[in-house]
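Chemist: Any chance you can model this:
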Amino acid sequence: MSLDINYLPSNYIDLTIGDFSCGIDKEITEKLIKEIKTKGNGYTPALGLPSLKRKIISIYQEKYKLFNINEGNVQITVSCLHGAFLSLKSIIQSRDDEIILISPYFPPYINLIAGVGAKAVIVNSSAPNFSLPISQILNSINNRTRAIIINYPNNPTGVGLSTKERKFLNNLSINNNIFIIDDHVYSNYPSTHLYTPVSQDISHQILVSSFSKNFAMPGIRLGYVIAPNRIISKNAFYNDAITFCPPTISQYIGNIVLQEPQLFSQHIEKISNKGLLIAKMFNSSKIFKNCSYKGGLYLFIEIPNDISDIELFYKLLEKRFHILVVKGSEFGYSKRFFRISLSGNYKKLIDGTNRIISCANYVLKTSPFHKSV
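Modeler: Down below sits the predicted model:
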């Protein structure tokens with residue numbers, strides 16, 4: 001899956017990317033201008049503005065009770081993925097090292113693991129609940145395992161981790177001396193289980209997140225890492241020749257947003273409403289009968305078994321009905337599933353959903369093995 005911006009014909013609807021086009025609030029831009037006039041736009045400290053780090057610490061102490069963290073445990077980064085890459089680089093010791101991924105997973109994780117010279121070990125969760133595959137994880141742990149990457153609320157499914165599952169991961173990391181790399185960019189979104197770190201102890205966790213999804217600001221490219229001090233120190237070493245420090249203007253925006261975070265996350269309720277509405281439309285079609293909004297920014301939808309030629313469905317979806325979706329195979333999962341983003345406006349989503357249903361109807365009616373549904 002590519003995140004490149006495609007300039008499509010006007011009759012196409014792109015439901016692939018979890019992007020936002022709502023712009024930046026006028027109040028933010030006004031405050032940003034004052035910050036630049038007052039403080040300039042020079043380099044910040046390599047690990048980020050101390051004021052921004054203190055705000056992040058305050059939120060995690062208040063919301064998640066992570067009291068054993070200080071500024072030495074925080075690094076401001078250029079996106080969540082930047083922080084995840086640096087952190088993986090800091091814990092990898094040899095090319096035999098392994099990182100466990102849970103399918104379906106966010107596709108760039110594969111690139112990250114390959115980029116730091118490690119091996120990805122894939123374990124598979126199962127529809128419809130996509131619960132943590134505990135037995136597979138236990139069978140995958142060995143003396144080469146360095147970390148397990150978790151992403152909940154999950155992209156693409158939207159599911160969260162139960163308290164029991166988080167306790168399992170916490171014990172697993174302690175007993176096997178491995179890290180939990182916790183990508184929680186959708187932490188403020190609804191889910192089957194609300195987000196919380198696996199433990200209040202940061203010693204075996206690397207928390208990575210960003211402002212992209214929770215605050216609908218992907219374009220400012222601002223993220224952060226919360227981790228043990230030794231990891232942050234290594235991250236800084238590797239980052240010195242990459243970006244040195246994050247963009248100053250983006251950090252100013254982060255500071256402004258975190259003064260009143262609730263004010264700039266009101267889009268999340270709209271996403272939830274869209275998810276429930278679109279899932280209802282799919283279920284009402286009598287073709288996509290098991291669609292449900294589990295949380296996050298997406299719907300992960302199963303193609304019914306009545307459609308035997310899946311590739312034909314995808315081909316017609318794009319070429320005849322002019323809809324772009326992401327195949328489940330992009331997430332290391334079955335291509336009988338596809339993901340659509342809920343970040344677009346209602347008209348775009350409703351039109352796109354109707355076209356997907358029409359495509360499925362068309363494939364069923366033209367199939368030589370057609371059965372009424």
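Chemist: For this protein, which helix extends over the most residues?
Modeler: Longest helix in the chain by number of residues (criterion: DSSP state H): helix 346-366.
Chemist: What are the buried residues along that one?
Modeler: Of all the residues in helix 346-366, those buried under the rule 16 or more other Cβ atoms under 10 Å are 349, 352, 353, 355, 356, 357, 358, 359, 360, 362, 363, 364. Yep, even glycine has a C-beta here, placed from its N, CA and C like the rest.
Chemist: Tell me which of those has the lowest pLDDT.
Modeler: Within the buried residues of helix 346-366, the minimum per-residue pLDDT falls on residue 364 (93).
Chemist: Isn't it up against residue 309?
Modeler: No - between residue 364 and residue 309 no contact is recorded; they are 10.5 Å apart, counting by Cβ atoms under 8 Å.
Chemist: neighbours of the residue nearest to residue 35 when sequence neighbours are not counted, just the number please.
Modeler: Using Cβ to Cβ, 6 or more residues apart in numbering and skipping the chain neighbours, the partner closest in space to residue 35 is residue 252 (4.4 Å). For residue 252, the neighbour count with other Cβ atoms under 10 Å is 26.
Chemist: Equivalent analysis for residue 37, please.
Modeler: Count around residue 37 with other Cβ under 10 Å applied: 9.
Chemist: Over to it. Which of the three states is it?
Modeler: For residue 37, the assignment made with DSSP: H, G, I helix; E, B strand; the rest coil gives helix.
Chemist: before we move on, what about residue 225?
Modeler: strand.
Chemist: roughly how far apart are it and residue 252?
Modeler: For residue 225, the distance to residue 252 equals 19 Å [Cβ to Cβ, to the nearest Å].
Chemist: what about the closest residue to residue 337 other than its chain neighbours, how many neighbours?
Modeler: Among residues not flanking residue 337 along the chain, residue 328 sits closest, at 3.3 Å (Cβ to Cβ, 6+ apart). Residue 328: 23 surrounding residues under other Cβ under 10 Å.
Chemist: Would you confirm that residue 328 contacts residue 104?
Modeler: Yes - with contact defined as Cβ under 8 Å, residue 328 counts as touching residue 104 (6.5 Å).
Chemist: and after the worst-scoring helix or strand of the chain on mean pLDDT, which helix or strand comes next?
Modeler: Lowest by mean pLDDT, DSSP states H and E among the helices and strands of the chain is helix 26-39, with a mean of 94. Next along the chain after helix 26-39, taking DSSP states H and E as the criterion, comes helix 50-64.
Chemist: tell me what that following helix is packed against?
Modeler: Counting contacts by 3 or more Cβ pairs under 8 Å, 6 or more residues apart in numbering; DSSP states H and E, helix 50-64 packs against strand 74-77, strand 223-226, helix 248-257.
Chemist: re the thing from before, also compute the angle for the least confident helix or strand of the chain relative to helix 248-257, please.
Modeler: Put simply, helix 26-39 runs at 120 degrees to helix 248-257, going by axes from the mean of the first three to the mean of the last three Cα atoms, to 10 degrees.
Chemist: For helix 26-39, buried residues please.
Modeler: 28, 31, 32, 35.
Chemist: just those residues now: which is nearest residue 121?
Modeler: residue 28 (41.7 Å; Cβ to Cβ).
Chemist: show me the contacts for the closest one.
Modeler: 253, 256, 257, 264 (Cβ atoms under 8 Å, 6 or more residues apart in numbering).
Chemist: of all the buried residues of helix 346-366, which comes closest to residue 216?
Modeler: Residue 216 has its nearest neighbour among these in residue 349, at 15.8 Å by Cβ to Cβ.
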